[in-house]
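Asker: predicted coordinates and the sequence they were generated for:
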Amino acid sequence: MNNQFLALVATAGIGLALAACGQSTSTTAADAAEARSDAFEDFREDRKDADAEHEASKADTTADREDYASSTEISREKLVKAESNAIVAKARADFSIAQTAAESHYAIEIEKCDVSEDIVDKQACHGQADAEFAGEKAQLAADRDAELARADQHE
């Protein structure tokens, strides 16, 4: 995920640089740098939160796996519940990270749109970015919901 996001940010940066031919180099570079910086910071914070949450879930699961060794019915139920909770935690963390990446990508696309001086081109670009962002958000929500349903079925 990290490599994909960094590649996305780098590609967007190159795109902004190429699209900036008609605009002040310093303004475009500053906008692009700020968008990349904001995107990277958001991604880094979400990754840190997700990692901490995932580690806590793994610790809970490990403890419950040890209880399971005692072969009691209660231990088995606790293990299944901990595994389900871990699936839910991972699904939510993955969704949060993917959503932050999508929002960052959208912000970069909007910056690229704003480079155009032609209002019609700018509006078309914004419309395209809005549509892609809406589709991406819908797919992310569907993926998250499928994982949450899998957690429910696990119990």
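Answerer: Cool, got the structure.

Asker: give me the below-cutoff pLDDT ranges for the chain.
Answerer: Counting by pLDDT under 70, the chain contains low-confidence residues at 1-26, 67-71.

Asker: tell me the spacing between the most centrally placed residue in the chain and residue 137.
Answerer: Nearest to the mean C-alpha position of the chain, counting by C-alpha atoms, centre = their mean, stands residue 98 at 1.6 Å. Here the criterion is C-beta to C-beta, to the nearest Å. By it, residue 98 lies 9 Å from residue 137. For every residue, glycine as well, the C-beta is placed using N, CA and C.

Asker: how about residue 130?
Answerer: In this structure, residue 130 and residue 137 are 11 Å apart, going by C-beta to C-beta.

Asker: same thing with residue 105?
Answerer: 11 Å.

Asker: who has more neighbours, these two?
Answerer: Between residue 105 and residue 137, counted using other C-beta atoms under 10 Å, the more crowded position is residue 105 (21 against 15).

Asker: residue 39: which element?
Answerer: Taking DSSP states H and E as the definition, residue 39 sits inside helix 25-68.

Asker: after that helix, which helix or strand is next?
Answerer: Later in the chain than helix 25-68, the nearest helix or strand by DSSP H and E is helix 73-114.

Asker: so what does the one helix or strand residue 124 maps to touch, helix or strand wise?
Answerer: According to DSSP H and E, residue 124 maps onto helix 119-154. Of the remaining helices and strands, those touching helix 119-154 by 3 or more C-beta pairs under 8 Å, 6 or more residues apart in numbering; DSSP states H and E are helix 73-114.
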